[in-house]
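Enquirer: attaching a predicted model along with its sequence, questions to come.
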Amino acid sequence: MTVLLDTSCPDYQLRVNTRARHVRIRVTPLGEVEVVIPPGFDPAAVPAILVKRSAWLRRTRDRMVQSSRALPETHGLRPQRVELLAVGETWQVEYAIGLSRKLLESRPACRLTLISDSPAQQTARHLRDWLQKRAKEILPDWLRKTAAELDLPCKQISVRGQRTRWGSCSTQHNISLNRNLLLLPKETVRYLFIHELCHTQHLNHSIDFWQEVARHAPGFKTQERLLRDAARSLPLWVHT
């Protein structure tokens, strides 16, 4: 839900999160403001909170603008190439002016041609849609092979563009994966698979769970750190 306010308060995206206990304000890598509120919180109280935090919002946005200027060619809103580290693919990205607004894929050449007359944010959306498609082609089969190798159950598999999670496992042993996993190193993706598959045995982060993880991935602490840090290094174009 986009909320338009007067100049004393920035435009922002409002999201209700059932797990939230407090109001959270986040500035996305695109400079957009997102406000997460718990159920039952009065949305009408949000503008006053943002006005109170206006100095922090300005500083944060300015810092992100400065950071974006130093981004490599793979990480901007109009990247010159896309590196799918998980599968060792590098896709060259070409841009053409046109009214059709579509993305053409040449698989033998690993080339993407994006035809559009829209701004960079819309261009990034085409790339995200392509990443979603590629992830659905690759990640579920890869996870099933890993599950068979470890002899751990796995039922339905979905691929989405989660904001804060790399993966999740339900009580029914259904696993959801983040499409951005394709941008991470292969060994880190495999660890995430192991982590979620171990949740089919222990749907918590108990000592028993971590012992199960260690049995399949002895160096899991290193991969846990890499997963925590990976979100900060994702390209701008992956963010919604």
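Expert: Cool, got the structure.
Enquirer: state the mean pLDDT of the helix or strand where R61 lies.
Expert: Element membership for R61, per DSSP states H and E: helix 54-69. The average of the pLDDT scores along helix 54-69 is 80.
Enquirer: use 21 as the first number for this chain going forward.
Expert: Renumbered: residue one is now 21, and that last one reads helix 74-89.
Enquirer: next SSE downstream of that helix?
Expert: Toward the C-terminus from helix 74-89 - assigned by DSSP H and E - lies strand 101-104.
Enquirer: buried residues, that following strand. List them.
Expert: 102-104 (16 or more other CB atoms under 10 Å). Just so you know, the C-beta spots here come from the backbone N, C-alpha and C atoms, and that holds for glycine as well.
Enquirer: could you check how far the residue lying closest to N194 once chain neighbours are set aside is from C189?
Expert: Leaving aside its sequence neighbours, N194 sits nearest to Q176 (CB to CB, 6 or more residues apart in numbering; 4.2 Å). Computed as CB to CB, to the nearest Å, the Q176 to C189 distance reads 11 Å.
Enquirer: those two: who's more crowded?
Expert: Legend: neighbour count by other CB atoms under 10 Å for Q176 and C189, higher for C189 (20 against 11).
Enquirer: now do the buried residues in the helix or strand hosting E157.
Expert: Assessed by DSSP H and E, E157 sits inside helix 140-170. Judged by neighbour count (16+ other CB under 10 Å), helix 140-170 contains these buried residues: 143-148, 150-152, 154-156, 158-160, 162-163, 166-167, 170.
Enquirer: sorry, back to before: and for Q176 and C189, which residues touch both?
Expert: I195 (CB atoms under 8 Å, 6 or more residues apart in numbering).
Enquirer: any stretches of the chain with poor pLDDT?
Expert: Scanning the chain for pLDDT under 70 picks out 21-28, 49-50, 85-91, 141, 260.
Enquirer: mind listing the strands in it by residue range?
Expert: 22-23, 32-36, 44-47, 53-57, 101-104, 109-116, 122-126, 131-135, 177-180, 187-189, 195-198 (DSSP state E).
Enquirer: closest one to A237 among those strands?
Expert: In terms of CB to CB, the element of the strands of the chain nearest to A237 is strand 187-189, at 14.1 Å.
Enquirer: residues in contact with the closest one?
Expert: Here strand 187-189 makes contact (CB under 8 Å, 6+ apart) with 182, 195-198, 201, 212-213, 215-217, 219-220, 223.
Enquirer: could you chop this structure up by domain?
Expert: Per automatic domain parsing, the domain ranges recorded for the chain read 22-89, 101-258.
Enquirer: just the ones you listed: most buried one?
Expert: Comparing those by mean neighbour count (mean count of other CB atoms under 10 Å), domain 101-258 comes out on top with a mean of 16.
Enquirer: would you pull up how far that one lies from the middle of the chain?
Expert: Taking CA atoms, centre = their mean, to the nearest Å, the mean C-alpha location of domain 101-258 is offset from the chain mean by 8 Å.
Enquirer: may I have stretch 93-108 exported as PDB, CA atoms only?
Expert: C-alpha atoms of stretch 93-108 as PDB (Å, rounded to 0.1, in the frame of the first residue of the first chain):
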ATOM      1  CA  GLU A  93      28.500  -3.000 -12.900                       C
ATOM      2  CA  THR A  94      26.700  -6.100 -11.700                       C
ATOM      3  CA  HIS A  95      24.900  -4.400  -8.800                       C
ATOM      4  CA  GLY A  96      23.100  -1.300 -10.200                       C
ATOM      5  CA  LEU A  97      19.500  -0.900 -11.400                       C
ATOM      6  CA  ARG A  98      20.700  -1.500 -15.000                       C
ATOM      7  CA  PRO A  99      23.500  -4.100 -14.600                       C
ATOM      8  CA  GLN A 100      25.800  -4.900 -17.500                       C
ATOM      9  CA  ARG A 101      25.900  -8.500 -16.400                       C
ATOM     10  CA  VAL A 102      24.200 -10.900 -14.000                       C
ATOM     11  CA  GLU A 103      26.300 -13.500 -12.200                       C
ATOM     12  CA  LEU A 104      24.400 -16.600 -10.900                       C
ATOM     13  CA  LEU A 105      27.200 -17.800  -8.700                       C
ATOM     14  CA  ALA A 106      25.200 -20.800  -7.500                       C
ATOM     15  CA  VAL A 107      25.300 -22.400 -10.900                       C
ATOM     16  CA  GLY A 108      28.400 -20.700 -12.400                       C
END
